[in-house]
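*Asks:* Just to be clear, the model below is a prediction. Sequence and coordinates:
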Protein chains: 2
Amino acid sequence: MTGTPAAAAAFTLDPRLAADTVAVGRLALSRLLLMNDASYPWLILVPERPGLREIFELAVPDRALLIEEIAAAGRALAAALSPGRAPDKLNVGALGNVVAQLHIHVVARYRDDPAWPGPVWGRAPARPYPPGAAAALVAAVAGHLPGMLRSAPPL
Amino acid sequence: MTGTPAAAAAFTLDPRLAADTVAVGRLALSRLLLMNDASYPWLILVPERPGLREIFELAVPDRALLIEEIAAAGRALAAALSPGRAPDKLNVGALGNVVAQLHIHVVARYRDDPAWPGPVWGRAPARPYPPGAAAALVAAVAGHLPGMLRSAPPL
């Protein structure tokens, strides 16, 4: 186990979240993912704690980490898109009606996006990024998280 | 000013949020409101800080308060509805596409509610509670926030 905390060792990313996303890396608490949907610049944070469904089930110190990671992810996403595509608004959501594993969406929204002003969840099927575009956005987001990314996640 | 912090003094609840809700009370950071929509048990937290639109604009200590208030509101809402109507899931969201003032939704969801498994935002118009029902739910939620409610809000 070479020093891996037990809680992190027992964490497994939900297969549906894994299938729908591209990895950005790991923050102190959460796996950071990019939703593979070119319709919306869309990050997902998944706290690497096993068995969680609700925010109130996280320990208090983990909740403090989570809100900082939500803030950092939102700031990094907006910065990665600016100035050319600076978002009009960020949308943050923890729903879990379909995938129960606790995960938090951080979505850049535009007044001319397909769902505005409604929510993005439960709309049209995802439109996968063209080759290279997801990797370019991942790199731009990662570049705006200086010192916060611990590693690329294991495959 | 009698000791009122300047930031709180300058805060004014968005008129649309005020019109759509019933007051529960004030937490350390946020105004706590019940959405006047009998379709979903639905709380709204509004940090009493002026001029905020995004979570990343809150100061770090306020963010730590906010995530604790999100957790407490969710736990209190679930407890107020249990055991008879224990929610299947909580949905937490900070959207702000329509009302820009930073506010966080905490919604109790059921597998047989009108929007499941989709999000509640942007669906049918609100169905106001019948007389007495909103006050009863407000009292039940308040009863599950021991020591956390500072006061009923000013009208």
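*Replies:* Perfect, thanks for sending it.
*Asks:* Quick one: residues in contact with the longest helix along chain A.
*Replies:* The helix that spans the most residues within chain A, counting by DSSP state H, is helix A:60-81. Defining contact as Cβ atoms under 8 Å, 6 or more residues apart in numbering or on different chains, one finds that helix A:60-81 is touched by A:27-30, A:32, A:41, A:43, A:45, A:47, A:49, A:55, A:58, A:86-87, A:90, A:92, A:104, A:106, A:108, A:137, A:140-145, A:148, B:54-56, B:58, B:60, B:63-64, B:66-68, B:71. Any C-beta I mention is one placed from the backbone N, CA and C, and that applies to glycine too.
*Asks:* Buried only: go through these for me.
*Replies:* Buried subset of those (neighbour count, 16 or more other Cβ atoms under 10 Å in any protein chain shown): A:27, A:29-30, A:32, A:41, A:43, A:45, A:47, A:49, A:55, A:58, A:87, A:90, A:92, A:104, A:106, A:108, A:137, A:141-142, A:144-145, A:148, B:54-56, B:58, B:63-64, B:66-68, B:71.
*Asks:* ok, the helix or strand that the longest helix of chain A is followed by: who's next to it in the sheet?
*Replies:* Counting by DSSP states H and E, the next helix or strand C-terminal to helix A:60-81 is strand A:89-94. Here strand A:89-94 is paired, per DSSP bridges, with strand A:104-109 (antiparallel), strand B:89-94 (antiparallel).
*Asks:* Ramachandran angles for the most centrally placed residue in chain A?
*Replies:* What sits nearest the mean C-alpha location of chain A, by Cα atoms, centre = their mean, is residue A:44, with 1.7 Å. When read as degrees, to the nearest 10, the backbone of residue A:44 gives phi -130, psi 130.
*Asks:* Could you check the pLDDT of it?
*Replies:* pLDDT recorded at residue A:44 is 98.
*Asks:* That one and residue A:35 touch, don't they?
*Replies:* Yes - with contact defined as Cβ atoms under 8 Å, residue A:44 reaches residue A:35; the gap is 6.0 Å.
*Asks:* Quickly list what's touching both of the two.
*Replies:* When contacts are counted by Cβ under 8 Å, 6+ apart, residue A:44 and residue A:35 have A:21, A:105 as shared neighbours.
*Asks:* what about the longest helix of chain A, distance to the chain center?
*Replies:* 9 Å (Cα atoms, centre = their mean, to the nearest Å).
*Asks:* Could you do stretch A:51-66 as well?
*Replies:* Relative to its chain's centre, stretch A:51-66 lies at 16 Å (Cα atoms, centre = their mean).
*Asks:* Near residue A:133, how many other residues are there?
*Replies:* For residue A:133, the number of neighbouring residues by other Cβ atoms under 10 Å in any protein chain shown comes to 12.
*Asks:* check contacts around it.
*Replies:* residue A:38.
*Asks:* how close does it sit to chain B?
*Replies:* The gap separating residue A:133 from chain B is 25 Å, by Cβ to the nearest Cβ, to the nearest Å.
*Asks:* try residue A:83
*Replies:* Going from residue A:83 to chain B by Cβ to the nearest Cβ gives 17 Å.
*Asks:* got it, and residue A:11?
*Replies:* Remark: distance between residue A:11 and chain B (Cβ to the nearest Cβ) = 20 Å.
*Asks:* Distance check, the residue nearest to that residue when sequence neighbours are not counted against chain B.
*Replies:* Taking Cβ to Cβ, 6 or more residues apart in numbering or on different chains, and ignoring the residues beside it in sequence, residue A:11 has residue A:48 as its nearest neighbour in space, at 4.3 Å. As defined by Cβ to the nearest Cβ, residue A:48 lies at a distance of 17 Å from chain B.
*Asks:* Which parts of chain A are helices?
*Replies:* Under DSSP H, chain A gives helices at A:6-10, A:15-20, A:60-81, A:133-143.
*Asks:* Which among the ones you listed is found nearest to residue B:82?
*Replies:* helix A:60-81 (21.8 Å; Cβ to Cβ).
*Asks:* what residues does chain A put near chain B?
*Replies:* Selection of chain A residues close to chain B by Cβ under 8 Å from any Cβ of the partner chain yields A:53-56, A:58, A:60, A:63-64, A:66-68, A:70-72, A:74-75, A:89-98, A:100, A:109, A:116-119, A:121-122.
*Asks:* right, and residue A:106 touches residue A:41 too?
*Replies:* No - assessed by Cβ under 8 Å, residue A:106 is found out of contact with residue A:41, at 9.3 Å.
*Asks:* Present the helices of chain A as TSV; the columns should include mean pLDDT.
*Replies:* Shown next, in TSV, are the helices of chain A (pLDDT from 0 to 100):
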stretch	mean pLDDT
helix A:6-10	62
helix A:15-20	97
helix A:60-81	98
helix A:133-143	97
